[in-house]
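In: here you go, sequence then predicted model.
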Amino acid sequence: MTGITVRAAGRVLLSAAFAASLVAGLGQAQTGSPVTKLKYSSLGGATDAGVFLADAYGFFKEYGLEVTPVVQTSIPSQVAEAATNAIEVSGIALAPGLFASVQRAINLRLVGDKQSLRPGFSSTRLTVRPDLVRGSEAETIHGLRGKKIGGPGRTSIGYFLVAALFRKHGMSLADFEYVEVQLPNMAAALASNAIDGALIIDPFLSRVVQTKLATVVSDLIEFVPDGGSIVPLVYSEQFAANRPVATNFMKAYVRGVRVYNDAISKGVDTQKVIEIIAKAANVPVPVIKNGFPAGLDPNQRLNKTFLGSVQHFYKEQGLLEKEANIDAMIDSSFSEAAVKELGEYR
């Protein structure tokens with residue numbers, strides 16, 4: 001081989017190597033941008049299943065996301081962290097503080113559902129001591145007149161739901177005593193007769209029912225319409241403005257939520273899903289397996305009328321100074337983009 005031939009061959013090899021690296025680079029650019037790290041906050045628990053499963057099944061990674069769950073102690077702390085974009089995505093319960101944040105020019109965006117109620121899916125229920133159960137729901141509720149009902153607080157969505165149940169039976173908040181009890185203390189309060197009933201959520205709900213400390217009176221689903229999320233998925237203002245990344249998060253999250261719904265409703269990968277949720281939520285597997293599944297809307301709908309009725313209730317109770325513009329709080333474009341790509345869940 002002559003020197004010219006050797007040099008020519010070298011140029012061919014270099015050109016081939018350059019072309020290969022160029023193709024590889026283009027492939028990387030086309031398949032995804034560098035990993036985006038973000039934080040997701042909640043008060044903890046199995047209702048974070050959509051996030052747990054999107055991570056475990058690799059959906060976040062597929063969209064170039066690395067999501068770190070952060071457990072916070074209160075809704076005010078969640079709102080404060082979201083306000084400064086220290087937390088990009090949160091599951092924040094419908095509390096007065098969420099609505100009041102709009103009045104303080106904290107432009108959070110309600111974008112989807114982190115927990116809802118619908119037939120077969122309700123991990124938030126009203127229970128009473130077994131000795132107080134009567135022949136029908138109406139008789140049991142009327143028997144609670146003057147009794148003590150334990151709940152997580154008057155600024156919680158549970159207070160709204162209990163009020164709705166009593167109103168259905170011609171009663172009001174004045175007909176019983178609502179006692180604020182921390183969820184881990186509900187079982188002891190029922191056992192000691194310190195309270196007569198409890199508005200309680202899983203896994204605490206499963207424990208009091210399985211140990212026969214309480215009996216379920218109502219699953220409360222009749223007071224929550226389709227798309228009536230009791231814990232919306234919330235984006236910080238800055239994160240919502242980063243539309244490509246925010247939309248990708250929603251797509252991955254919706255896929256995780258659908259894995260959950262497939263497992264609970266259709267028996268697909270049920271044991272695997274239960275084990276993932278139990279490990280991530282730090283809850284024993286039997287509690288998840290034998291518990292009351294939470295609702296996670298597979299199409300991520302939000303019901304403006306329901307949100308408005310909850311807000312109005314808080315204002316009536318003096319828990320909210322004035323009502324916020326619900327339309328300004330909701331941005332359904334992210335869930336709509338996800339459903340457009342993934343199709344309606346059936």
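Out: Alright, I've got the coordinates.
In: quick one, helices of the stretch 151-300 of the chain?
Out: 157-168, 186-191, 204-210, 237-241, 243-266, 270-281, 285-289 (DSSP state H, counting those that start in this stretch).
In: H312: which of the ones you listed is closest?
Out: Proximity to H312 (CB to CB) singles out helix 157-168 among those, at 9.9 Å. To be clear about C-beta, it is placed using only N, CA and C from the backbone, and glycine gets the same treatment.
In: how about T211, nearest residue that isn't a chain neighbour?
Out: Leaving aside its sequence neighbours, T211 sits nearest to A187 (CB to CB, 6 or more residues apart in numbering; 7.2 Å).
In: using the record's assignment, carve the protein into domains.
Out: 36-116+227-342, 124-218 (automatic domain parsing).
In: measure the residue positioned nearest the centre of the chain to A281 for me?
Out: Nearest residue to the geometric centre of the chain (CA atoms, centre = their mean): K114, 1.9 Å. Distance check for K114 against A281: by CB to CB, to the nearest Å, it reads 14 Å.
In: common neighbours of these two, please.
Out: Shared contacts of K114 and A281 (CB atoms under 8 Å, 6 or more residues apart in numbering): D48.
In: so which residues of the stretch 1-150 of the chain form helices?
Out: Under DSSP H, counting those that start in this stretch, the stretch 1-150 of the chain gives helices at 3-31, 49-56, 59-62, 75-83, 96-103, 137-142.
In: select from the ones you listed the stretch with the lowest mean pLDDT.
Out: When the helices of the stretch 1-150 of the chain are compared by mean pLDDT, helix 3-31 comes last with a mean of 38.
In: identify the residues contacting A191.
Out: L213.
In: and what of N185?
Out: So, once contact is read as CB under 8 Å, 6+ apart, N185 ends up touching nothing.
In: what distance do you get for it to I288?
Out: 22 Å.
In: K289 reaches V273, doesn't it?
Out: No. Judged on CB atoms under 8 Å, K289 makes no contact with V273 at a distance of 10.2 Å.
In: of the domains of the chain, flag the one that's most buried.
Out: Compared across those, domain 36-116+227-342 shows the largest average neighbour count, a mean of 20 (mean count of other CB atoms under 10 Å).
In: got the contact list for E66?
Out: Here E66 is in contact with V35, T36, K37, L38, F60 (CB under 8 Å, 6+ apart).
In: does the third one touch F60 like I think?
Out: Just to be clear, that refers to K37. No. Counting by CB under 8 Å, K37 sits too far from F60 to count as a contact (10.4 Å).
In: average pLDDT for stretch 185-204, rounded please.
Out: On average, stretch 185-204 scores 94.
In: hang on, isn't P69 packed against G45?
Out: No. Assessed by CB under 8 Å, P69 is found out of contact with G45, at 11.0 Å.
In: now for those two: what residues contact both?
Out: In contact with both P69 and G45: no residue, using CB under 8 Å, 6+ apart.
In: so for the nearest residue to L38 once chain neighbours are set aside, what pLDDT did the model give?
Out: Ranked by CB to CB, 6+ apart and with sequence neighbours excluded, the top spatial neighbour of L38 is E88, at 4.3 Å. pLDDT recorded at E88 is 97.
In: and E88, what does it touch?
Out: L38, K39, Y40, A82, Y235, S236, Q238, F239.
In: relative to F59, how far out is the residue lying closest to the last one once chain neighbours are set aside?
Out: Counting by CB to CB, 6+ apart, E88 is the residue found nearest to F239 once chain neighbours are left out, at 3.9 Å. To F59, E88 is 17 Å away according to CB to CB.
In: closest to V216 out of the contacts of E88?
Out: Looking across these and measuring by CB to CB, the closest to V216 is Y40, at 30.3 Å.
In: the closest one and V70 touch, don't they?
Out: Yes. Y40 is within contact range of V70, at 6.8 Å (criterion: CB under 8 Å).
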